[in-house]
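**Q** Give me a model of this one.
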Amino acid sequence: MGVADEQIRVSETVKRKIERRRREGESYNDALERILDKEDAGDFYDGFGRWSDEEADRVREGRQKAKEKRKGRMRERGEDAA
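**A** Have a look, this model is predicted:
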């Protein structure tokens, strides 16, 4: 991990949170790097907004058709069971 060459001030609350997440033998710097790397690894919303309007419309239509098809199959199964 990196070598700390700067100091930052944190509240006691933040320090306690870091301490709870630190692993044995891990420095505060190492713990923060690990925690921040996890956060930067990817967010659920990272890919949103990357499709063109046409592509998004195509996917929406496909999902709607699949939903209607599933509902139709469920209706048929319900009628077969009756």
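**Q** buried sites along the helix or strand containing residue 61?
**A** Using DSSP states H and E, residue 61 maps to helix 53-81. Residues of helix 53-81 classed as buried: none (neighbour count, 16 or more other C-beta atoms under 10 Å). (C-beta placed from N, C-alpha, C; glycine too.)
**Q** counting contacts, what elements does it pack onto?
**A** Of the remaining helices and strands, none touches helix 53-81 by 3 or more C-beta pairs under 8 Å, 6 or more residues apart in numbering; DSSP states H and E.
**Q** Report all helices and strands that the worst-scoring helix or strand of the chain on mean pLDDT contacts.
**A** Every helix and strand of the chain was ranked by mean pLDDT, DSSP states H and E. The lowest is helix 28-40, at a mean of 85. Judged by 3+ C-beta pairs under 8 Å, 6+ apart, helix 28-40 is in contact with helix 12-21.
**Q** Now do residue 14 against residue 29, distance only.
**A** 14 Å (C-beta to C-beta, to the nearest Å).
**Q** more neighbours, those two?
**A** residue 29 (14 against 11; other C-beta atoms under 10 Å).
**Q** Torsion angles phi and psi at residue 25?
**A** Taking degrees, to the nearest 10, you get phi 80, psi 0 for the backbone angles of residue 25.
**Q** Tally up the residues packed near it, please.
**A** Neighbours of residue 25 (other C-beta under 10 Å): 6.
**Q** what about it, distance to residue 15?
**A** Separation of residue 25 from residue 15 (C-beta to C-beta): 18 Å.
**Q** again with residue 27
**A** From residue 27 to residue 15 the distance is 13 Å (C-beta to C-beta).
**Q** And for residue 60?
**A** Taking C-beta to C-beta, one finds residue 60 at 47 Å from residue 15.
**Q** Run the angle between the least confident helix or strand of the chain and helix 12-21 for me.
**A** 80 degrees (axes from the mean of the first three to the mean of the last three C-alpha atoms, to 10 degrees).
**Q** So for helix 28-40, what gets flagged as buried?
**A** Here helix 28-40 shows 31, 32 as buried, counting by 16+ other C-beta under 10 Å.
**Q** which residues of the chain score low on pLDDT?
**A** 1-4, 39-47, 82 (pLDDT under 70).
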